[in-house]
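Asks: kindly return the folded structure for what I paste below:
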Amino acid sequence: MRSVGGVRWRRVASQIGRSVTVWAVSTLTMLVLAGILPDFRLQSPDGDSATDIAMTAAIGAGAFGLLSALVWPVLVRMLLLVPALVLGLLVFFLNGGLLLLAIDVNPAGRGGVAPETAVVVAAVMSAVASATGGALAVRRRRGARPPCPSGPGTVFLQLDGVGHDVLRDAVDAGTLPTVARWLGRDGASATHRLDLWRTDWSSQTGASQLGILHGSNHDVPAFRWYEKDSGEVMVCNRPTSAAELQYRAVRRTGDGGLLSLDGASRGNLFGGGADEQALVLSIATRRRSRETRSRSGYFAYFSDPANAVRTAMSFAAEVCREIGQSTRARVHKVRPRVSRGGLYPFVRAFATVVERDVVVAAVMGDMLAGRTAVYADLVAYDEVAHHSGPGGRDAAKVLARLDRSLALVEKVAEHAPRPYRIVVLSDHGQSPGETFRTRYGLTLGDLVRAGCGLPVPRRAQRTRSGAEARNSPPAPPPGRRSEPIVLASGNLGLVSFPDVPHRMTREEIDARHPALLPTLANHPGIGFLLVRSGEHGGVVLGARGAEVPLDRLDEDPGPLAPFGPGAADAVRRTHSFPHTADIMVNSFHDPDDGEVLAFEEQIGSHGGLGGAQSRAFLLSPTVLSAPAAQGEEIVGAEQVHRVLRHWLRESNGPQVPVDAADPRPNVVEGAPFPVADGFAPDGDEFAPGKSA
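Replies: Numbers count the residues shown, from 1 in each chain. Okay, here's the model as predicted:
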């Protein structure tokens, strides 16, 4: 009992010592700034003694620190009720307001500061106080690591959208020095190994992360799809859809997820069974503890005013960087190119700065707390690569900043209460190429409408593809029919007829719209179609009348030949899903340069088959067992889940699943996902209308 009391008193004394040190450093900083800045003074107009000036600085620094500790958390909670993009505009002014108040409460009435100068002084003092406190905390943690009977912990860091080849090339180019050191490129022994894993046909975060975290991504045919039985469009980055998909996966597997034993989920679409969840989309619409759970990551980070100021400054710099880069691309007439105006610079800055800073800080907190398993998603590269290209200079600079985040996590692991194994992986890659609309002058939806004999915009009528479809003989109208629903997920398109309750067969589609399938299959921008067949069960259609039943694809890949090994298995698996669309459309793919044609406005896309988008990576410590046997390939997100689960068992013994009686959150149907509550964890999925 006496020893427990002694530990408590030592902690109190240590905390008092740190507070006094931070106060002293802040006082000194205020004195220095008062000597440098002309509009900031710590004395009355008639002059004061050095002692009075020092006392004024001490009182001001103490008042500012106290106000920051007591008032700032309240302001942060209020700020989280407004869009997060507004945060950067308010942080400086609010912090400066606290300093003005701290100077005004000086009982001696000395000193004064101009409002614009107060912003600068407050920013510098917050940064210095945070750095001093952090240095003291790290120093306190130095020394022998206490024994940890439960073994090492594991941190899984997902670099969203970074393909295997992009990572390898970036290491060779020196863009990723931390990863290069782990792989032994500096001459030292390698601590990590790099493996490739192949995604499912739906090469996007929703399908991949659901499979990785929950062990099943069955019946996720795309990023967005129409379900005939409910009449709803499922979208992976919609909170209600994410909650439902997680519920279905847990119900299928009967297991809580990868993180069900003392785990933490940060910045993900799904929780993975973790006890600690922040910035997780699938819990964003829970009625109970809604604010606490979905906004806790932001609150924890921005409660430190230094974090808020630093991130706001980086946010503003990133907005300017994007404007400069997009302007340069327009001036030099870079091709391919998509629009990067409107709110996109702010969306990019949010994904590459705010999301990164908040998630990395949460991961470091989990490590210092000694959690067993942490899974976090960093979306920065994916967002930029969609608009700048996966192999461009803009995306490479984002990779370099992500590498510094990896180095920071590695550094924090040295001071954690248990050793940590850092696993880095991606959920998919990206394939380059101009958009379908840019190349052909019409969208996939226009082409489908033309093939169905429906009206299309004039711009589509003037194209060769639209004209050919319009000249095809229309089907006789048997009565009022609903229009087809056409959805896009990168270079994967889905066509559904909502008035038909079942998945239509090729024969039924031909009877209703005889020109539709030939129009799509023969279009030069389309690689192949998947449709159900009354005769063969399922068939792949291609140009010039190519038609290959699914059970013959291994011996005759037909239109799938340019898409490489594994394409046939991926198509057959998707064909078995209950909610596969009436017509699955995969764009053209050039195997020589890896190009695909996105059905969305993206010059770096993913979501279907073709090129680097299906080639993800797995970077793992060599102390863990090899993820696959020699000569074997890791295929699909579900197999990645089994690999990661095996590694957790190696470190900590068998994982205990949580009670899966009813894992579905209390969902408010149709509730929107406010930007302030949390970003869409896939940067490309941040705004409505954009796909994974």
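Asks: please name the residues that touch residue 340.
Replies: 322, 326, 329, 387 (C-beta atoms under 8 Å, 6 or more residues apart in numbering). C-beta here means a position set from N, CA and C on the backbone, and glycine is covered the same way.
Asks: pull out the buried residues from the host helix or strand of the third one.
Replies: Element membership of residue 329, judged by DSSP states H and E, is helix 305-331. Buried positions in helix 305-331, judged by neighbour count with 16 or more other C-beta atoms under 10 Å: 305-315, 318-319, 321-322, 325-326, 329.
Asks: for the helix or strand just after that helix, list the C-alpha coordinates in CSV.
Replies: Once the chain leaves helix 305-331, the next helix or strand it forms, by DSSP H and E, is helix 344-349. The C-alpha coordinates for helix 344-349 follow below in CSV (Å, rounded to 0.1, in the frame of the first residue of the first chain):
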residue,chain,number,x,y,z
TYR,A,344,-11.1,19.9,-54.4
PRO,A,345,-8.0,21.8,-53.0
PHE,A,346,-9.7,21.8,-49.6
VAL,A,347,-10.7,18.1,-49.9
ARG,A,348,-7.2,17.2,-50.8
ALA,A,349,-5.7,19.2,-47.9
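Asks: what is the rounded mean pLDDT of helix 344-349?
Replies: For helix 344-349, the mean pLDDT works out to 91.
Asks: for it, packing partners?
Replies: Counting contacts by 3 or more C-beta pairs under 8 Å, 6 or more residues apart in numbering; DSSP states H and E, helix 344-349 packs against helix 305-331, helix 380-388.
Asks: report all helices and strands that the shortest one contacts.
Replies: Judged by 3+ C-beta pairs under 8 Å, 6+ apart, helix 380-388 is in contact with helix 344-349, helix 393-413, strand 604-605.
Asks: tell me the helix or strand right after the last one.
Replies: Read it as strand 604-605. Next along from strand 604-605, by DSSP H and E: strand 615-621.
Asks: picking that back up, residue 198: which of the helices and strands packed on helix 344-349 is closest?
Replies: Among these, helix 380-388 comes nearest to residue 198, with 18.2 Å by C-beta to C-beta.
Asks: in that closest one, what counts as buried?
Replies: Neighbour-count burial for helix 380-388, counted by 16+ other C-beta under 10 Å, picks out 380-388.
Asks: now stretch 582-594
Replies: Neighbour counts over stretch 582-594 (16+ other C-beta under 10 Å) mark 582-589, 594 as buried.
Asks: pLDDT of it, averaged?
Replies: 96.
Asks: again, but for stretch 643-651
Replies: The predicted model gives stretch 643-651 an average pLDDT of 93.
Asks: for that stretch, give me every contacting residue.
Replies: So stretch 643-651 is in contact with 151-154, 156, 212, 215, 258, 261, 372-373, 421, 423, 618, 620, 624-625, 627-628, 634, 655, going by C-beta under 8 Å, 6+ apart.
Asks: show me which of the residues you listed are buried.
Replies: Buried subset of these (neighbour count, 16+ other C-beta under 10 Å): 152-154, 156, 212, 215, 258, 261, 372-373, 421, 423, 618, 620, 624, 627-628, 634, 655.
Asks: restricted to strands, list those.
Replies: Residues of those located in strands (DSSP state E): 153-154, 156, 373, 421, 423, 618, 620, 634.
Asks: so which of the residues you listed comes closest to residue 575?
Replies: residue 634 (22.2 Å).
Asks: looking at the helices and strands packed on helix 380-388, which is buried most?
Replies: Highest mean neighbour count among the helices and strands packed on helix 380-388 (mean count of other C-beta atoms under 10 Å): strand 604-605, with a mean of 34.
Asks: weakest of the helices and strands packed on helix 344-349 by average pLDDT?
Replies: When these are ranked by mean pLDDT, helix 305-331 comes last with a mean of 86.
Asks: measure residue 624 to residue 649 for me?
Replies: Look at residue 624 and residue 649: by C-beta to C-beta, to the nearest Å, they are 11 Å apart.
Asks: state the distance from the closest residue to residue 395 other than its chain neighbours to residue 222.
Replies: Leaving aside its sequence neighbours, residue 395 sits nearest to residue 385 (C-beta to C-beta, 6 or more residues apart in numbering; 4.5 Å). Residue 385 sits 19 Å away from residue 222, going by C-beta to C-beta.
Asks: for residue 434, same thing?
Replies: To residue 222, residue 434 is 21 Å away according to C-beta to C-beta.
Asks: okay, those two: which has more neighbours?
Replies: It is residue 222, of residue 434 and residue 222, that has more neighbours when counted by other C-beta atoms under 10 Å, with 32 against 18.
Asks: wait, a helix at the more buried one?
Replies: No. Residue 222: not assigned to a helix; according to DSSP: H, G, I helix; E, B strand; the rest coil it is coil.
Asks: for residue 375, pull up the helix or strand it's in.
Replies: In this assignment (DSSP H and E), residue 375 forms part of strand 373-378.
Asks: buried stuff in that strand?
Replies: 373-378.
Asks: for residue 538, which residues make a bridge with it?
Replies: As for beta bridges, residue 538 partners with residue 532 under DSSP bridges.
Asks: what number of residues lie near residue 568?
Replies: Around residue 568 there are 22 other residues, counting by other C-beta under 10 Å.
Asks: please begin residue numbering at 13 from this point
Replies: Understood, numbering begins at 13; the last thing we discussed is residue 580.
Asks: ok, and what's touching stretch 556-576?
Replies: By C-beta under 8 Å, 6+ apart, the list of residues contacting stretch 556-576 from outside reads 533-534, 539-540, 545, 548-555, 579-580, 583-584, 587, 598, 601-603, 621-622.
Asks: just the buried ones from those?
Replies: Of the contacts of stretch 556-576, these count as buried by 16+ other C-beta under 10 Å: 533-534, 539-540, 545, 550-555, 579-580, 583-584, 587, 598, 601, 621-622.
Asks: quick one: which of those residues sit in strands?
Replies: 539-540, 545, 550-553, 598, 601.
Asks: let me see the backbone angles for the residue nearest to residue 385 when sequence neighbours are not counted.
Replies: Counting by C-beta to C-beta, 6+ apart, residue 385 lies nearest to residue 275, which is 4.3 Å off, once chain neighbours are set aside. Taking degrees, to the nearest 10, you get phi -100, psi 170 for the backbone angles of residue 275.
Asks: now do residue 204
Replies: phi -130, psi 160.
Asks: where's it relative to residue 189, distance?
Replies: With C-beta to C-beta as the criterion, residue 204 and residue 189 are 14 Å apart.
Asks: tell me which of the two has more neighbours.
Replies: residue 204 (20 against 16).
Asks: in the sheet, who's paired with the more buried one?
Replies: residue 633.
Asks: that one and residue 192 touch, don't they?
Replies: No. Here residue 204 does not reach residue 192: they are 10.3 Å apart, not a contact under C-beta atoms under 8 Å.
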